[in-house]
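Asker: Build me a model from this:
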Amino acid sequence: MSTATVEAQERTRAFARVIGPYVATFTTIYAIRLPEGLDIVDDLFAQPILVLLLGALMLGAGLVIIGGHRSWRGPLAVTVSLFGWFVALRGFLLIVAPATVASGAEATMLSPTGVILARIFFGMLAVTGLLLTYAGWFTKPTAPKPSATATP
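Answerer: Numbering: from 1, shown residues only. Predicted coordinates for the structure are as follows:
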């Protein structure tokens, strides 16, 4: 499989520079403050307009990533693309099924096992955010490999 073009790699790195610190910061804080999560979730879903606005913003942000980043070559590019799809899907679900999202979050927060699993999940996301940050800020693009079917 050939390497992505330098331009595609630069675009991936640009998205990683933004997404990485955001994911690392947000998920670390959320994992630490998880016991307060039920109150936050209850307060958020008590105001349907906030849920709709949050869903619309998340859907829009996810679509910007999906539309602006179309490369799936390499682990960094796949991670950025999957993040865009994940954010868009979460935003869509907040718009079309807020009660389902709220009940899922509530069930997780009320279960001791759910809280532990959520902390592990957010911890893994924080590490992913740190890796994205490193790759976005401190790596350089590689030159594309020449095609094996080059004509003389």
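Asker: where does this structure dip in pLDDT?
Answerer: The chain contains residues with pLDDT under 70 at 1-2, 144-152.
Asker: For it, just list every one of the helices.
Answerer: In the chain, the segments counted as helices under DSSP state H are 6-32, 37-45, 48-68, 75-96, 98-110, 112-138.
Asker: Buried residues in the last one, which are they?
Answerer: Looking back up the chat, that one is helix 112-138. For helix 112-138, burial by neighbour count (16 or more other Cβ atoms under 10 Å) applies to 114-115, 118-119, 122, 125-126, 128-133, 135-136. All C-beta atoms are positioned from the backbone trio N, CA, C, and that covers glycine.
Asker: same question, the fifth one
Answerer: When burial is assessed from 16+ other Cβ under 10 Å, helix 98-110 yields the following buried residues: 98, 101-102, 105-106, 108-109.
Asker: What is the nearest of these to Ile66?
Answerer: Val101 (20.4 Å; Cβ to Cβ).
Asker: which residue sits closest to the most centrally placed residue in the chain, ignoring its sequence neighbours?
Answerer: Centroid-nearest residue in the chain: Phe83, 3.4 Å away (criterion: Cα atoms, centre = their mean). The spatial neighbour of Phe83 that comes closest, neighbours along the chain excluded (Cβ to Cβ, 6 or more residues apart in numbering), is Ile19 at 5.7 Å.
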